[in-house]
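S.K.: fold the following for me, if possible:
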Amino acid sequence: MTKLWNYIKDPVHHYIKIYDEDLTIIDTPLFQRLRNIHHLGTAYLTYPGATHSRFEHSLGVAELGSSVLGHIITNSEDMWKIDPAKLENMKKTLRCACLLHDIGHSPFSHTCEPFFQNNCLEIVDELASHLDFCQHHSLRPAMDLTTKNILQQKAISSTHEVMGCYIVLTQYHTKLSALGVNPSEVCALILGQVDKNIDPKYLVNYKILASILNSPIDVDKFDYLLRDNYMTGADLVSLDRERLLSAYTINTSDLVLSGKAVSIAINLVVARQQVAMWVYQHHKVVFTTALLQRIVKKLIDNKLIDKDYFTVNNIISNAIDDYDLISVIRANSKHNEIKELYKLFRERKLLKACWKHAIEYDRKITNTVLKKTLNFESAKHAEEFERKICKDLKIDANKILITHTKIVPFSPLGLDLTVEINGVPYSIVSDLGLHFKDIDKYREVPYIFVEDSKKATVIDYLQKCK
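M.R.: Have a look, this model is predicted:
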C-alpha cells in the first residue's frame, strides 16, 4: 500500500485510513457528488439521524475491504504466497473497487434507480464490448451466462453497479491506469465477477477479491448494516466488528467465516433481517420512498423533466444528486399534479399505513385470494388496483398510495452464508438449522396508505375482495 495520507474520523469505524493514491479517486467531482446522495434515500424523514451519504459508506467499505483482505492473507497464508508486486496490485485493485462500488448511484440511492433502468439496459452492449468475465470462476450459480447476460440481469437488479462500471470505464480509466490498476478488473469486482484476462494461476485469488466486495458476506453489507443501524439510532444490530473481521477465511476457494465465530455469523443473519424489516421496510420509510417515486413519475408523464435526465451521461455531465432532483421538483411544484404530492413530502404530511409491517399485514389480511392479488407482479398492477379502490370507495387519487416491498433474507431460497467448522463448510441457514421459518413469508409485503379516517373502510373493503 502507498504512503498513508491521513485519517478520517468516522462514527462507525472510528478512524478510516486514507492513502495518497486514494485521493486520485476521492478528489474527483463524481466521487465528491456522493456526499449529496442520501444512503437511505428518504429515510431521514423518519429517522432524523439518517443523513449519512454514499460518500462515507464508500470510505467505510474501502477500510473494511483492506482489513478483511489483510485478515484473509493471515488466515490463509499459503494461498497468498505469490509475487509480492502482484499481491500489492491485487490489494490496490480491491481498494479502488471498494471506493468506486457506489459511484453509479442515482439521486436518493435506490429510490430513483427504477427511472435509470431503461438507460442502463441501453449501455449493456457497449459495456459488454469492453468487459469479459471468466464464467468458470463466476460467483453466480448459472455458469453458462455470457458477460452480456450477466450485465443485463445486473442492469435490472443492481442498476447502480452497471452504471458505476460505465463511469469507471469512461471517467476513471486514465486515473486507474496511472495507478497501475486495470479498470476492467475493477468493474469485474464491483459486479462480483472475475475478469477473463486474469492469469489462470491467480483466478482463485481474484474470486476471493470479488467475494470480499460482492457476496453474502461482503464488506458492502458489513458497512451498511453497522452504519445504518448506528445512524438511524435503531440499535437493532449486535455485531462485534473486530471479531467479525478476524473471522474471514478461505475454505478451498471460497470466502467463508470461521466456525470459531459462529455466534457472530448468526448475529449477521439476524442483523440483516432486523434492519431490513424495521428500518428499510418501516412503513414511513416505505411511504416517503413511494411518494418521491410518484412525484418523479408525474414529472416524467407531464414532460416536466427532460427525457435525458435519468441517464448515466447526465450523472457524468452534471453530477446530479439529491439536491438537484429536489430543485427540479420545486421548480414544478405549482403544477396541478405535483402540488399536492410535493406538499405531502415537503411538510411531511404522511398518509397512514393500513398495516405497519409484515407481521401485522399477515394478521390483518386473512383473505388468501386477496393476498395473491396484492402480490403485485409490477408497479402497473399496483396502480390498477389503486385506481379500483379509488373508484369503489370514492377516495381522492392523491389520498391513497399502494406500493410493494421485497427483501432477500438469508435463507435456502435467498442468500446463504457459509461457516467452516473443523475444515468442513456448512450453510448456516440450511445445514445448521438456523433458518427462521417465518422469514420467507415476509419477503414481499404490499403496503396501502390512506388517510387515517379511511383505514378501517379500506381494510373492510379488502377483506371482501374476490
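S.K.: CA only for contacts and neighbour counts going forward, please
M.R.: Will do.
S.K.: mind listing what's buried along the lowest-mean-pLDDT helix or strand in the chain?
M.R.: Across the helices and strands of the chain, mean confidence by mean pLDDT, DSSP states H and E is lowest for helix 368-374: a mean of 78. Under the neighbour-count criterion of 16 or more other CA atoms under 10 Å, helix 368-374 has Lys371, Leu374 buried.
S.K.: ok, stretch 277-296 next?
M.R.: Applying 16+ other CA under 10 Å to stretch 277-296 flags 277-296 as buried.
S.K.: element containing Arg95?
M.R.: Arg95 is located in helix 84-100, with elements delineated by DSSP states H and E.
S.K.: what helices or strands is that helix leaning on?
M.R.: Under the contact criterion of 3 or more CA pairs under 8 Å, 6 or more residues apart in numbering; DSSP states H and E, helix 84-100 touches helix 23-26, helix 54-75, helix 183-190, helix 203-213.
S.K.: out of those helices, flag the one nearest Ile82.
M.R.: Among the helices and strands packed on helix 84-100, helix 203-213 comes nearest to Ile82, with 10.0 Å by CA to CA.
S.K.: other residues contacting the closest one?
M.R.: Residues from elsewhere that reach helix 203-213 (CA atoms under 8 Å, 6 or more residues apart in numbering): 65, 68-69, 79-80, 90, 94, 97-98, 137-139, 188-194, 217-220, 253-255.
S.K.: which among those residues count as buried?
M.R.: If we count by 16+ other CA under 10 Å, those have these buried: 65, 68-69, 79, 90, 94, 97-98, 137-139, 188-194, 217-220, 254-255.
S.K.: just give me the residue closest to the centre of this protein.
M.R.: His110 (6.9 Å; CA atoms, centre = their mean).
S.K.: skipping adjacent residues, who's closest to that one in space?
M.R.: Spatial nearest neighbour of His110, excluding adjacent residues (CA to CA, 6 or more residues apart in numbering): Gly41 at 6.8 Å.
S.K.: so what pLDDT did that neighbour get?
M.R.: With respect to pLDDT, Gly41 scores 98.
S.K.: again, but for the one 4 residues further on
M.R.: At Leu45, the predicted lDDT confidence score is 97.
S.K.: how about the helices in the stretch 151-300 of the chain?
M.R.: Ranges of helices in the stretch 151-300 of the chain, per DSSP state H, counting those that start in this stretch, are 159-171, 173-178, 183-190, 203-213, 219-232, 241-247, 262-275, 283-301.
S.K.: tell me the most buried of those?
M.R.: Ranked by mean neighbour count, the helices of the stretch 151-300 of the chain are led by helix 183-190 with a mean of 26 (mean count of other CA atoms under 10 Å).
S.K.: next, the angle from that one to helix 203-213.
M.R.: Relative orientation of helix 183-190 and helix 203-213, computed by axes from the mean of the first three to the mean of the last three CA atoms, to 10 degrees: 60 degrees.
S.K.: and the next helix or strand past the helix holding Arg95?
M.R.: Toward the C-terminal end, the helix or strand that comes next after helix 84-100 (DSSP H and E) is helix 113-122.
S.K.: pLDDT below threshold where in the stretch 301-450 of the chain?
M.R.: Within the stretch 301-450 of the chain, the stretches falling below the threshold (pLDDT under 70) are 377, 411-414, 433-442.
S.K.: can you rerun that using 80?
M.R.: 367-373, 375-380, 408-416, 428-444 (pLDDT under 80).
S.K.: try the stretch 101-250 of the chain
M.R.: For the stretch 101-250 of the chain (pLDDT under 80), the answer is 135-144, 237.
S.K.: let's see that with 90 instead.
M.R.: 134-145, 216, 235-239 (pLDDT under 90).
S.K.: what's the distance between the nearest residue to His71 once chain neighbours are set aside and Ala178?
M.R.: The shortest distance from His71 to any residue other than its chain neighbours is 5.8 Å, reached at Ser246 (CA to CA, 6+ apart). Ser246 sits at a distance of 33 Å from Ala178 (criterion: CA to CA, to the nearest Å).
S.K.: ok now the helix holding Arg95, how far from the chain's centre?
M.R.: Centroid displacement of helix 84-100 relative to its chain, using CA atoms, centre = their mean, to the nearest Å, is 22 Å.
S.K.: ok, stretch 378-392 next?
M.R.: That offset, for stretch 378-392, works out to 28 Å (CA atoms, centre = their mean).
S.K.: and it, C-alpha only, in CSV?
M.R.: Coordinates of each C-alpha in stretch 378-392 appear next as CSV, following Å, rounded to 0.1, in the frame of the first residue of the first chain:
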residue,chain,number,x,y,z
SER,A,378,-45.4,-4.9,-11.4
ALA,A,379,-45.9,-1.3,-10.5
LYS,A,380,-48.5,-1.2,-13.2
HIS,A,381,-50.7,-3.8,-11.4
ALA,A,382,-50.4,-1.8,-8.1
GLU,A,383,-51.6,1.3,-9.9
GLU,A,384,-54.5,-0.5,-11.4
PHE,A,385,-55.6,-1.9,-8.0
GLU,A,386,-55.2,1.6,-6.6
ARG,A,387,-57.5,3.1,-9.2
LYS,A,388,-60.0,0.4,-8.5
ILE,A,389,-60.1,1.3,-4.8
CYS,A,390,-60.4,5.0,-5.6
LYS,A,391,-63.3,4.3,-7.8
ASP,A,392,-65.1,1.9,-5.5
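S.K.: show me what counts as buried in it.
M.R.: Ala382, Phe385, Glu386, Arg387, Ile389, Cys390.
S.K.: just give me the closest of those to Pro446.
M.R.: Among these, and counting by CA to CA, the member closest to Pro446 is Ala382, at 9.1 Å.
S.K.: surely the closest one meets Thr403?
M.R.: Yes: in this structure, Ala382 is within contact of Thr403 by CA atoms under 8 Å, at 6.5 Å.
S.K.: returning to what we had before: wait, isn't the residue nearest to His71 in contact with Leu69?
M.R.: No: in this structure, Ser246 is not within contact of Leu69 by CA under 8 Å, at 10.1 Å.
S.K.: mind checking how far stretch 330-345 is from the chain centre?
M.R.: Its chain's average C-alpha position is 29 Å from that of stretch 330-345, according to CA atoms, centre = their mean.
S.K.: just stretch 39-48 next, same as before
M.R.: Worked out by CA atoms, centre = their mean, stretch 39-48 lies 15 Å from the chain centre.
S.K.: what about stretch 303-310, start to end distance?
M.R.: Counting by CA to CA: the opening and closing residues of stretch 303-310 are 13 Å apart.
S.K.: what sits up against that stretch?
M.R.: Counting by CA under 8 Å, 6+ apart, stretch 303-310 makes contact with Phe115, Phe116, Asn119, Leu299, Ile300, Asn314, Val328, Asn332, all of which sit outside it.
S.K.: now for the first one, how many residues are close by?
M.R.: In this case it means Phe115. 18 (other CA atoms under 10 Å).
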